[in-house]
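Student: Attaching a predicted model along with its sequence, questions to come.
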Amino acid sequence: MNRVINFMGIRRAAVVFTLVLVFLSLVSLAVKGLNFGLDFTGGTMVELNYQQPVNLEVVRGQLGAAGYGSAVVQSFGAATDVVVRMAGDDPKLGEQIAEVLRASGEQLTVRRVEFVGPAVGEELRDQGGMGLLVALLGILIYVAFRFQWKFSAGAVLSLFHDVILVLGVFSFFQISFDLTVLAALLAVIGYSLNDTIVVFDRIRENFRLLRKVELIENINISATQTLLRTLATSISTLLAVGALLVFGGESLWGFSLALFIGVIAGTTSSLYVANITLIGLKLTREDLIPPVVEEVDDRP
């Protein structure tokens, strides 16, 4: 067998580091909360089309000088398309913004104005949170049926760690949390679960193949055997997400950042959080042996 990396040799330090990060994230969420975007709080979206490519910082400066400092300005596809999001439900808000921007001599037209009411935004927020909880519950049941309940607990704690860290970063830096970020969180859950299942599957197989190996050694062997696959998947995913983060524009920046943080958190939690949970729950080879069903003799 090739050299085995002693991943679990630093498990105590990993536990402390993880608990500190999760604690800080929870504190930030409790104190600062999330900076919900207009998708959740309600407001107006105005889509503008310029005849020439426009600098978004200039647009922000013009709106700020006119008293619209809270407006969120983003590119929308081409360099000539701009989306302005801000609180308010005035049907004339689109033309008001357009007049402010036309005052600088720019030629632009208002393509559409959409309003999201606060009741709709609150409903989206509640349904999004419920979607995350349902996803975690479904994963708990799926892993419990496929493996064993101790594996299920490890997988859910790992996913909880990933989601809390992403939310903690967005809360601490008050980055806008909108529907695209929520979609990224669901993607992170799927990515992290896949990574965790690969390691769990190898641990289960090694319990059958390596009869005299204890749990910690089994985890080290399994993690080492899957390391190249994990690194290849994580690095290739980070390269793609990193490109999206840099070149995807402002409208996809929050989505890309959430994915980037989630992939890093998911990779580490698959190696440590999930596996350390198995050690804490004292997983044994006997846990994986299906119970013997006794035959009942119905003969008189």
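Tutor: Here it is on my side, so go on.
Student: For the longest helix anywhere in the chain, give the mean pLDDT please.
Tutor: Looking across the chain with DSSP state H, the single longest helix is helix 179-209. Across helix 179-209, pLDDT averages out at 88.
Student: which residues are contacting the following helix or strand past it?
Tutor: Per DSSP states H and E, the first helix or strand lying C-terminal to helix 179-209 is helix 215-225. Residues from elsewhere that reach helix 215-225, judged by Cβ atoms under 8 Å, 6 or more residues apart in numbering: 1-8, 199, 202-203, 206-207, 210, 213, 271, 275, 278-279, 282-284. For the C-beta atoms, the positions are set from N, CA and C on the backbone; glycine is no exception.
Student: which of those count as buried?
Tutor: Phe7, Met8, Val199, Arg202, Ile203, Asn206, Phe207, Val213, Leu271, Asn275, Leu278, Leu283 (16 or more other Cβ atoms under 10 Å).
Student: quick one, what contacts the fifth one?
Tutor: Neighbour list for Ile203: Asn218, Ile219, Ser222, Asn275, Leu278 [criterion: Cβ under 8 Å, 6+ apart].
Student: so what pLDDT did the second one get?
Tutor: Note for Ile219: predicted pLDDT of 92.
Student: That one: neighbour count?
Tutor: 26 (other Cβ atoms under 10 Å).
Student: Spit out the contact partners of Thr18.
Tutor: His161, Ser269, Tyr272, Val273.
Student: May I see those arranged in TSV, with distance to Leu179 as well?
Tutor: Converted to TSV, the contacts of Thr18 look like this (distance: Cβ to Cβ, whole Å):
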residue	distance to Leu179
His161	23
Ser269	25
Tyr272	31
Val273	27
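Student: okay if I get those as JSON lines plus secondary structure?
Tutor: Listed next are the contacts of Thr18 as JSON lines, based on DSSP: H, G, I helix; E, B strand; the rest coil:
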{"residue": "His161", "secondary structure": "helix"}
{"residue": "Ser269", "secondary structure": "helix"}
{"residue": "Tyr272", "secondary structure": "coil"}
{"residue": "Val273", "secondary structure": "helix"}
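Student: just the buried members of those residues?
Tutor: His161, Ser269, Tyr272, Val273.
Student: three-state assignment of the residue lying closest to Glu250 once chain neighbours are set aside?
Tutor: Using Cβ to Cβ, 6 or more residues apart in numbering and skipping residues adjacent in sequence, the residue nearest Glu250 is Gln74, 4.2 Å away. Under the three-state scheme (three-state DSSP), Gln74 adopts strand.
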